[in-house]
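Q: sharing a sequence plus its predicted fold:
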Amino acid sequence: MAEPAPSSPNEPELLALRGRIDKLDRDLLGLLNQRASLALEVGELKRREGSVAFRPEREAQVIDGLKTANPGPLKSDSVAPIWREIMSACRALETPTRVAYLGPAGTFSELAALGFFGSTIVKVPCSNVDEVFHVTSAGAADFGVVPVENSSEGVVTRSLDLFLTTPLFIIGETSLYVRHNLLRCENSLENVTAVCAHPQALAQCHAWLSHHLPHAERRPVASNAEGARLASLDGSLAGIASTHAATEFGLHVVAPAIQDDAHNRTRFAIVAHPHQHPQPKASGHDCTSIVVSVANRPGAVHDMLVPLKNHGVSMTRFESRPARSGQWEYYFYIDLQGHPDQPNVAAALAELRGVCAFFKQLGTYPIDVH
C-alpha cells in the first residue's frame, strides 16, 4: 500500500486561505443574486414603459465607472469581460437576446458576439454577412454582429455596401485581436494541397503562406470556421482559424499566429433595426457613423468637410466606395467623434446634410470599451 504523500509545512496556511476564498465566493454569489433580483425589477419597469432591455450606453457607463473606481490588484482590463458576463446573465432573466453573426461555431464573429453581449445569449449563426443583415432586418435576431474593418486589410467592403441597402443601424462596436492559426488533422505541414479560409484571413496570412506553403492552393470559403470544418473532413486540407475552432473541430494547431501583422485587429459593428431598438443616448465617449455622397464637381469634397471644421467635430475615419452608377461617383463612409445630442455635432450634421447629394446616418454608439 502506497504511503500517503507528506503534507506541506504551508498546508494549514493554504487551507485557511482557501477557506476564506470559499467564503468570499459564497458572498459574491449572494450579491450577484441580489443584483439579479434588482435587474428583474428594472426589467419589469422597462416592460411597463415599453423600453428595451439592452442599453449599450448604460453598460458602457457601468463598466467605465467600475474601471475608474477599481483599486486593484484586479487589472482594469479584466473588469469589462467580467461585468459583461454578469450583465448578460441578468439581462437573460428579463428576455433572451438573439444575436446573429457569421458562423458556424468557432468564428471570430462568434467570439466578438460573446465578448460584447456575454455568453448568455441565443446564438443565430449565419452562412454569410448578407444573411446576418437579412435575419436581423427581418426580426429573426435582435442584433447582428458584422465585421467592418481590419487593421491590416482595411474595410470589409461587403458590410459597408449592405448598410446602404438595409434599414439596420449601428448601436455598438467591439474589436478583437485576431490570431490566425493553421489547423489540420495531421500535426504536420507535409502534403497540404489547399488552405481554406475566409478571403480576409488568406490575405492577412499572405507572407506566411507564400514562405511555408508556396504550392498549396488558397481556397476562399464563407468563414474561417467553415475552412476548419472542411479541414476536419479531408486530411489534405488545412484551415486558418482560431484555437476555439481547433477545439470545436478536433484539429491540431500546426502553426500558431501566422498572420503577417502581429497586432492584427478586426473591428465589428453591432447592428439593429431602428423599429426595434432606439438610438443609444450619449455615454460621454461616442462615435457617429454616416455615409454621404456629393455632386461630381470641383471642390465638392472640400465643401463636405468644412462643416466639421467649422463646428470643431473630429473625423476619425474616412473611406470611399464606388457608387456603382457607372459615373465615377463615390459614397464616403465617415466616423465622427461625438453624439448628435451635443450641440456642435448636431449643427455640423445639419450643415453637412445640406451640402450632400445623399446623406444617411448609420448610427451613434459608445466607442469600444475594453
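A: Now that the structure is in, tell me what you want to look at.

Q: switch to C-alpha atoms for all contacts and neighbour counts from now on
A: Noted.

Q: quick one: residues in contact with the helix or strand hosting I170.
A: Following DSSP states H and E, one finds I170 within strand 169-177. If you take CA atoms under 8 Å, 6 or more residues apart in numbering as the criterion, strand 169-177 is touched by 56, 108, 112, 115-116, 163, 263-274, 279-280, 289, 361-369.

Q: any weak-confidence spans in the protein?
A: Across the chain, the ranges flagged by pLDDT under 70 are 1-8, 324-328, 369-370.

Q: rewinding a little: flag every buried residue along the strand holding I170.
A: Residues of strand 169-177 classed as buried by neighbour count (16 or more other CA atoms under 10 Å): F169, I170, I171, G172, E173, T174, S175, L176.

Q: next helix or strand past that strand?
A: strand 181-184.

Q: who's in contact with that next one?
A: Outside strand 181-184, the residues touching it (CA under 8 Å, 6+ apart) are 228, 231-232, 235, 237-243, 246, 251-259.

Q: looking at these, which are in helices?
A: Mapping the contacts of strand 181-184 onto helices (DSSP state H) picks out A228, A231, S232, T243, A246.

Q: between those, which sits nearest N70?
A: Of all the ones in helices among the contacts of strand 181-184, T243 has the smallest distance to N70: 31.1 Å, by CA to CA.

Q: quick check: the gap between the closest one and F116.
A: 19 Å (CA to CA, to the nearest Å).

Q: so how far is stretch 288-296 off the chain centroid?
A: Stretch 288-296 sits 24 Å away from the centroid of its parent chain (CA atoms, centre = their mean, to the nearest Å).

Q: and it, C-alpha only, in CSV?
A: Taking C-alpha atoms only, stretch 288-296 is exported to CSV below (Å, rounded to 0.1, in the frame of the first residue of the first chain):
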residue,chain,number,x,y,z
THR,A,288,-21.4,58.8,-35.0
SER,A,289,-21.1,57.0,-38.4
ILE,A,290,-22.5,58.4,-41.6
VAL,A,291,-22.4,57.7,-45.3
VAL,A,292,-22.7,60.5,-47.8
SER,A,293,-22.2,61.4,-51.5
VAL,A,294,-21.6,64.7,-53.1
ALA,A,295,-22.1,66.1,-56.6
ASN,A,296,-19.2,65.4,-59.1
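
Q: identify the residues contacting that stretch?
A: 170, 300-301, 304, 329-340, 355-365.

Q: and stretch 315-333, by the same measure?
A: Under CA under 8 Å, 6+ apart, the answer for stretch 315-333 is 157, 289-294, 296, 308, 334-337.

Q: what does stretch 90-103 give?
A: Contacts of stretch 90-103 (CA under 8 Å, 6+ apart): 35-36, 39-40, 43-44, 53-54, 109-110, 113, 120-129, 132, 135-136, 140-146, 223, 225-226.

Q: before we move on, back to that, quick one, which of T243 and F116 is more surrounded?
A: F116 (25 against 20; other CA atoms under 10 Å).

Q: what's the following helix or strand after the helix or strand containing that one?
A: For F116, the host element (DSSP H and E) is helix 108-117. Reading on from helix 108-117 to the C-terminus, the next helix or strand found by DSSP H and E is strand 122-126.

Q: just list what that following strand packs against, helices and strands only.
A: strand 98-102 (3 or more CA pairs under 8 Å, 6 or more residues apart in numbering; DSSP states H and E).

Q: ok, the strand it packs on: who's next to it in the sheet?
A: Strand 98-102 sits in its sheet next to strand 122-126 (parallel), strand 143-150 (parallel), going by DSSP bridges.

Q: just to revisit the earlier point, show the buried residues in the contacts of stretch 90-103.
A: By 16+ other CA under 10 Å, those give 36, 39-40, 43, 53-54, 109-110, 113, 120-121, 123-126, 128-129, 132, 135-136, 141-146, 223, 225-226 as buried.

Q: buried residues in the helix ranked longest in the chain, which are they?
A: Longest helix of the chain, by residue count under DSSP H: helix 11-49. Neighbour-count burial for helix 11-49, counted by 16+ other CA under 10 Å, picks out A36, A39, L40, G43.

Q: pipe those into CSV and attach distance to L14 per row.
A: Shown next, in CSV, are the buried residues of helix 11-49 (distance: CA to CA, whole Å):
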residue, distance to L14
A36, 32
A39, 37
L40, 39
G43, 42
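
Q: how about those residues, which pair is most distant?
A: A36 and G43 (10.3 Å).

Q: surely G227 is in contact with H198?
A: Yes: counting by CA atoms under 8 Å, H198 is a contact partner of G227 at 7.5 Å.

Q: between these two, who's got more neighbours?
A: Shown here are G227 and H198; by other CA under 10 Å, G227 has more neighbours (24 against 21).

Q: re the thing from before, mutual contacts of G227 and H198, please.
A: Contacts common to G227 and H198, judged by CA under 8 Å, 6+ apart, are V221.
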